[in-house]
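>>> Dropping a prediction and its sequence here:
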Amino acid sequence: MPEIADAPAVLGVGSRATRLVPSTLSTRLNADPPHREAARAFQAARHAFFAGEKIEMGPLAAELGVDRTSLFRWVGNRDELLAEVLWSLAEASLDHAESASAGEGATRVVDILGRFVDGLVTADYFRRFLAREPQRALRLMTTSVSEIQRRYVAAVEELLATHVPAAGSPGLPQHDLAYLIVRISETFSYADLIAGEEPSAERARAAFALVLGA
């Protein structure tokens, strides 16, 4: 996952995947103009997360000089804010992986997703979050309780449509193939939490290649 400097300059939440799977907070952040206080709270939370700190609503409200009620009104509850922070960093990492990728067609998709998983496996601040709050992390990132997984599926589906438009089949439409790829990504990114094994970008890359015939 990216350094803060590598993330989009203002908010980092404006992708097509975000527009397809919006949240109340992302709608406020992408308004024209953005909701000023929601944006300020979001940026403070993202910097705290990147610094390896646990996002807590009380301390965040105090840092911003507001009461908790106002903070909740602007950004929702802790899980809603955390999900938006996580996706903003994941989105930046996906964008960086695509710009750095090589090859064409399925080979390029495998390279993009392999680089993305490598970021998940190696980013210290992200692994600290997983170690600190494993159950919350899995709930937010690997289930439909938040928008993260659905946005990731949408992003992968767009990669397939762009680089491998013929991928999929009548029995496995492109959307379902994208979901399968995301589940593979999750399996190897969070192997330590799911199965007590070492996370592995290399095994994820091999599985992507197998599924896409690259």
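Received the coordinates, thanks.

>>> Need the contact partners of stretch 207-214.
105-107, 109-110, 113-114, 164, 167, 177, 180-181, 184-185, 187-188 (CB atoms under 8 Å, 6 or more residues apart in numbering). Placement of C-beta: from N, CA and C, glycine included.

>>> and it, C-alpha only, in CSV?
C-alpha atoms of stretch 207-214 as CSV (Å, rounded to 0.1, in the frame of the first residue of the first chain):
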residue,chain,number,x,y,z
ALA,A,207,-3.2,-18.2,-8.6
PHE,A,208,-4.1,-15.1,-10.6
ALA,A,209,-2.1,-16.4,-13.5
LEU,A,210,-3.8,-19.8,-13.3
VAL,A,211,-7.3,-18.4,-13.2
LEU,A,212,-6.6,-15.9,-16.1
GLY,A,213,-4.5,-18.3,-18.2
ALA,A,214,-1.6,-15.9,-18.2
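
>>> What residues of it count as buried?
Neighbour counts over stretch 207-214 (16 or more other CB atoms under 10 Å) mark A207, F208, A209, V211, L212, A214 as buried.

>>> quick one: contacts for the nearest residue to T24 once chain neighbours are set aside?
Leaving aside its sequence neighbours, T24 sits nearest to G76 (CB to CB, 6 or more residues apart in numbering; 6.0 Å). When contacts are counted by CB under 8 Å, 6+ apart, G76 is found next to S23, T24, L25.

>>> State the distance from the first one to G114.
Looking back up the chat, that one is S23. Distance of S23 to G114, given as CB to CB, to the nearest Å: 28 Å.

>>> Now the element after the lowest-mean-pLDDT helix or strand in the chain, going C-ward?
In the chain, no helix or strand scores lower on mean pLDDT, DSSP states H and E than helix 16-20, which sits at a mean of 89. Per DSSP states H and E, the first helix or strand lying C-terminal to helix 16-20 is helix 24-29.

>>> List the buried residues for the next helix or strand after that following helix?
Counting by DSSP H and E, the next helix or strand C-terminal to helix 24-29 is helix 36-50. Across helix 36-50, burial judged by 16+ other CB under 10 Å covers E37, A38, A39, A41, F42, Q43, A45, R46, A48, F49, F50.

>>> For those residues, could you give me TSV that also reports distance to T142 and pLDDT?
What follows is the buried residues of helix 36-50, written out as TSV (distance: CB to CB, whole Å; pLDDT from 0 to 100):
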residue	distance to T142	pLDDT
E37	31	97
A38	26	97
A39	28	96
A41	26	98
F42	23	97
Q43	26	96
A45	21	97
R46	21	96
A48	23	95
F49	18	96
F50	21	92
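
>>> Could you save those residues as TSV and add columns showing distance to Q149?
Below are these laid out as TSV (distance: CB to CB, whole Å):
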residue	distance to Q149
E37	28
A38	23
A39	24
A41	24
F42	20
Q43	24
A45	20
R46	20
A48	23
F49	19
F50	22
